[in-house]
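> heads up, no residue letters with this:
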């Protein structure tokens, strides 16, 4: 891809000579190109593999969770990972931004802090549980046609615990559509961030730390 009269592959090791020479706008353009190449296009092809003998949704949710964490690190700024992750969902995904569910946490942290919002549940029981056990151990995905009277949102409360506690349910196909819109929205926001914008102040040092470090193989 040609950016600011320089040819780029989307791989930082191959692009090491030219990446430092890009302006902020050029770096955002390079990031958009790379994100499409290494994540969005493969992600969409994985979703398209859905069939009766190929259950894609745990892999899809796992990948989406990893992408949310990466985009949160580029866009939210300082703070612990779980807080940046939840803030990203609430800011860029319309379904999470509009959610009013209050959910139960079967295992609060040692200091008594509990995950109660949909964004907090997605981090703790979807993203983190899948990364550690390949299982969503509280809540999970379910298709709209399987749920009576679920409402318009793709987020809903499930009855999970023995005492009627509630976890987060997600209608996966609709979540994927909102997730992809959220990805586009945050990259558009990077593109439109002016000097002094906190979004730009978050993007630039993270981009530099990650993508300007590699100067040789392994390439990706």
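Perfect, I can see it now. Note that the coordinates shown come from a computational prediction; the quantities given were computed from them, not determined experimentally.
> mind naming the longest helix for the chain?
The longest helix of the chain (DSSP state H) is helix 172-192.
> give the residue spans of the chain that score low on pLDDT.
Confidence mapping of the chain against pLDDT under 70 gives the ranges 217-219.
> point to the residue nearest the middle of it.
residue 68 (1.7 Å; C-alpha atoms, centre = their mean).
> flag every buried residue along the longest helix of the chain.
172, 174-176, 178-180, 182-183, 186-187, 189-190 (16 or more other C-beta atoms under 10 Å). Every C-beta, even on glycine, is put in place using the N, C-alpha and C of the backbone.
> make CSV from these and add distance to residue 101 to it.
Formatted as CSV, these follow (distance: C-beta to C-beta, whole Å):
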residue, distance to residue 101
172, 17
174, 15
175, 14
176, 19
178, 15
179, 18
180, 22
182, 18
183, 23
186, 23
187, 28
189, 26
190, 30
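> now do stretch 119-130: distance to the chain's middle.
Taking C-alpha atoms, centre = their mean, to the nearest Å, one finds the center of stretch 119-130 at 11 Å from the center of the full chain.
> now do that stretch: distance from first to last residue.
15 Å (C-alpha to C-alpha, to the nearest Å).
> re the thing from before, tell me what the longest helix of the chain is packed against?
If you count contacts as 3 or more C-beta pairs under 8 Å, 6 or more residues apart in numbering; DSSP states H and E, helix 172-192 packs onto helix 24-35, helix 57-75, helix 81-92, helix 94-97, helix 198-211.
> switch to 6 Å and redo it
helix 24-35, helix 57-75, helix 81-92 (3 or more C-beta pairs under 6 Å, 6 or more residues apart in numbering; DSSP states H and E).
> just give me the closest of the buried residues of helix 172-192 to residue 93.
Comparing the buried residues of helix 172-192 against residue 93 with C-beta to C-beta places residue 182 closest, at 4.3 Å.
> state the distance from that closest one to residue 195.
25 Å (C-beta to C-beta, to the nearest Å).
> show me what contacts residue 164?
When contacts are counted by C-beta atoms under 6 Å, 6 or more residues apart in numbering, residue 164 touches no other residue.
> could you look up the SS state of residue 135?
Assigned with DSSP: H, G, I helix; E, B strand; the rest coil, residue 135 falls in the coil class.
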